[in-house]
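> build the 3D model from these lines:
(2 chains)
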Amino acid sequence: MSRPAPTTASVAAAFLVKDLRVELRTLQSVPAMLLFATTVFVIFRFGLDRTRLDGGLAAGVLVVTILFAALLAINRIFVAEREQGGFEALRLAPADGAALFLAKAAALLVHLAILELFALPAFWLFFLEDGAGLVPLLPVLLLLDVALAVTGALIAPMATHSRARDLIGPLVLLPLLVPALIAAAAAGRHLLAAAGPSYEMYGTWLGLLGLYDLIFLLVGWAAFDFLLED
Amino acid sequence: MKPSTLTTLALLTALLVGAGFALVFFWAPNEADQGFIQKIFYLHVPLAIVALGGFIVGGIHAIRHLRSGDPVHDARSYVSIHASVIFGVAVLVTGMVWAKASWGRWWVWEEPTLVSFLIVFLLYCTYYPLRYAIEDRERQARYASVFAITAGAFVPLNFMAVRAAESLVHPRTFGTVEGGLPADMWVAFLVCLAGIALLWVTLVSFELTAKRTSAQLSRLRRSLIEGGTWREPPGVGGRIAPRGAGTGR
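Here you go, the predicted model:
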């Protein structure tokens, strides 16, 4: 009896479960990201010489910390595929690149969500007078996480196949992420203002982040097959 | 492209750029507010438009490369981006000179177009380390094309983001210059734009021709060596033969 061909969604789900199981068993990325983010907060406390943050400074510290922590996970996300022949196995499997792209982006998104689950309370505890602005900031952070996950999943395989792996990923990703960073930091600047959250241009920034996510999701979806061929 | 076509192209470019600058300096009036320094506008803005257009052209060639697998499109994409990055350096330099002359500072974060251009420029600068960090030639071409498409999609997004970040805080300084340009300034500007665009086309054609010629040359040498009729010219040695050619055979 022949089984029906797997759909992109089912293949992506299988990849995602595999990646999350690997992370759960090895605990390679998420604990490192948490430790890194907490340390970066401490570094900012002394680098800026501030014990309390608000407005643009608060948003900047939070967004930049998330970005750098994300780079750690992005650098690791394809290492197993390269070192243990996962790419070869994938080419033999009846699956298209889009499935792997979606799964990797989703795995990065889960990594970042878990990071923020712990890093946001830490940020609140360390720097904020009151956390009222953090709740409306959540959708902004979610869209920023999607931006990081999508571009990360797109650039990481190129970096993984290059000679200077750890160098190429951040080098390309930092300028690529500037628009998403502008939008997230600008939205956060108003939400974390000392006088309480204000929603100036909130919709614009959410829209811009959403557009960014959509465009790079489509680029990744369309182009990922070309990153897997041999 | 044939040598005669290249020569014609180069001459046309020189003529058009020369005509453009003649119009700028001897015909277009000085701008009332900024005076003579505003003439850098005729160089800076066309360079920026052509550089950004070149990035988009690079992205389109990259799409064609991925669709057809033909390395010619990859070479076109590479050369387009290469020429545009060089133009990008000129855009940033002329932009800084203009900023210094009109605001007294070499760099002004409040000018969203120039800031956007810097970010685009920084992204395209990473094209080279990415491309040359991948050893396999065919894979290198494919990855470079994916990068060129990604970066091409990034260009408009980036302009939107930077402009939105600045729009409320600062009024657009140059918004009026382009909108309310008098007719004689428009003519000079358009001739300059055409000249700079043609300069870009000429440089791209030259580099493509050079690339094709050197590839053909090394192919010929290889076939000569393999056919056994190639003799190393005395005293020149490995300088003419392709590297590693005579060894291991």
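> A:A99 against A:L16, yeah?
No. A:A99 lies out of contact with A:L16 (Cβ atoms under 8 Å); the separation is 9.6 Å. C-beta: built from backbone N, CA, C; applies to glycine.
> more neighbours, these two?
A:A99 (23 against 20; other Cβ atoms under 10 Å in any protein chain shown).
> chain center to the longest helix anywhere in chain A, what's the gap?
Longest helix in chain A, counting residues (DSSP state H): helix A:97-127. From the chain centre to the centre of helix A:97-127 is a distance of 6 Å (Cα atoms, centre = their mean, to the nearest Å).
> show me which residues of it are buried.
A:97-112, A:114-116, A:119-120, A:123, A:126-127 (16 or more other Cβ atoms under 10 Å in any protein chain shown).
> could you point out which element follows it?
helix A:134-160 (DSSP states H and E).
> can you pull out the helices in chain B?
Under the criterion DSSP H, chain B carries helices at the ranges B:3-26, B:41-68, B:71-103, B:112-125, B:127-132, B:137-167, B:175-179, B:183-227.
> between those helices, which has the poorest mean confidence score?
Looking at these, the lowest mean pLDDT belongs to helix B:175-179 (a mean of 50).
> re earlier: Serialize the helices of chain B to TSV and add fields for distance to chain A and mean neighbour count.
Putting the helices of chain B into TSV (distance: least, Cβ to the nearest Cβ, whole Å; neighbours: other Cβ atoms under 10 Å in any protein chain shown) gives the following:
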stretch	distance to chain A	mean neighbour count
helix B:3-26	31	14
helix B:41-68	5	22
helix B:71-103	12	20
helix B:112-125	4	21
helix B:127-132	6	18
helix B:137-167	4	21
helix B:175-179	19	12
helix B:183-227	22	16
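> out of those helices, flag the one nearest A:G169.
helix B:127-132 (9.7 Å; Cβ to Cβ).
> which other helices and strands contact that closest one?
helix A:165-176, helix B:71-103, helix B:137-167 (3 or more Cβ pairs under 8 Å, 6 or more residues apart in numbering or on different chains; DSSP states H and E).
> the same query, at a cut-off of 6 Å, please.
Helix B:127-132 is packed against helix B:137-167, with contacts defined by 3 or more Cβ pairs under 6 Å, 6 or more residues apart in numbering or on different chains; DSSP states H and E.
> which residues of chain A lie near chain B?
Residues of chain A found near chain B (Cβ under 6 Å from any Cβ of the partner chain) are A:158, A:162-164, A:168, A:171-172, A:175-176, A:178-179, A:182-183, A:186, A:204, A:208, A:212, A:215, A:219, A:223, A:226.
> for residue 122, list the residues it contacts.
Just going to use chain A. A:T38 (Cβ atoms under 6 Å, 6 or more residues apart in numbering or on different chains).
> that was the other one, I meant chain B.
Shown in contact with B:L122 (Cβ under 6 Å, 6+ apart): A:P175.
> got a list of what the most centrally placed residue in chain B touches?
Nearest to the mean C-alpha position of chain B, counting by Cα atoms, centre = their mean, stands B:S84 at 1.6 Å. Residues in contact with B:S84 (Cβ under 6 Å, 6+ apart) are B:A51, B:G54, B:F55.
> any idea how far it lies from B:A141?
Counting by Cβ to Cβ, to the nearest Å, the gap from B:S84 to B:A141 is 18 Å.
> with B:S223 instead?
Using Cβ to Cβ, B:S223 is found at 23 Å from B:A141.
> try B:R163
From B:R163 over to B:A141 (counting by Cβ to Cβ), the distance is 34 Å.
> and the helices of chain B as JSON lines, adding distance to A:M33?
Below are the helices of chain B laid out as JSON lines (distance: least, Cβ to Cβ, whole Å):
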{"stretch": "helix B:3-26", "distance to A:M33": "53"}
{"stretch": "helix B:41-68", "distance to A:M33": "33"}
{"stretch": "helix B:71-103", "distance to A:M33": "34"}
{"stretch": "helix B:112-125", "distance to A:M33": "25"}
{"stretch": "helix B:127-132", "distance to A:M33": "24"}
{"stretch": "helix B:137-167", "distance to A:M33": "24"}
{"stretch": "helix B:175-179", "distance to A:M33": "43"}
{"stretch": "helix B:183-227", "distance to A:M33": "44"}
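> nearest to A:L137, of these?
Closest to A:L137 of the helices of chain B, according to Cβ to Cβ: helix B:137-167, at 17.3 Å.
> any buried residues in stretch A:180-198, and which?
Buried, per 16+ other Cβ under 10 Å, within stretch A:180-198: A:180-193, A:197.
> so how far is it off the chain centroid?
Worked out by Cα atoms, centre = their mean, stretch A:180-198 lies 19 Å from the chain centre.
> can you give me the mean pLDDT across that stretch?
On average, stretch A:180-198 scores 90.
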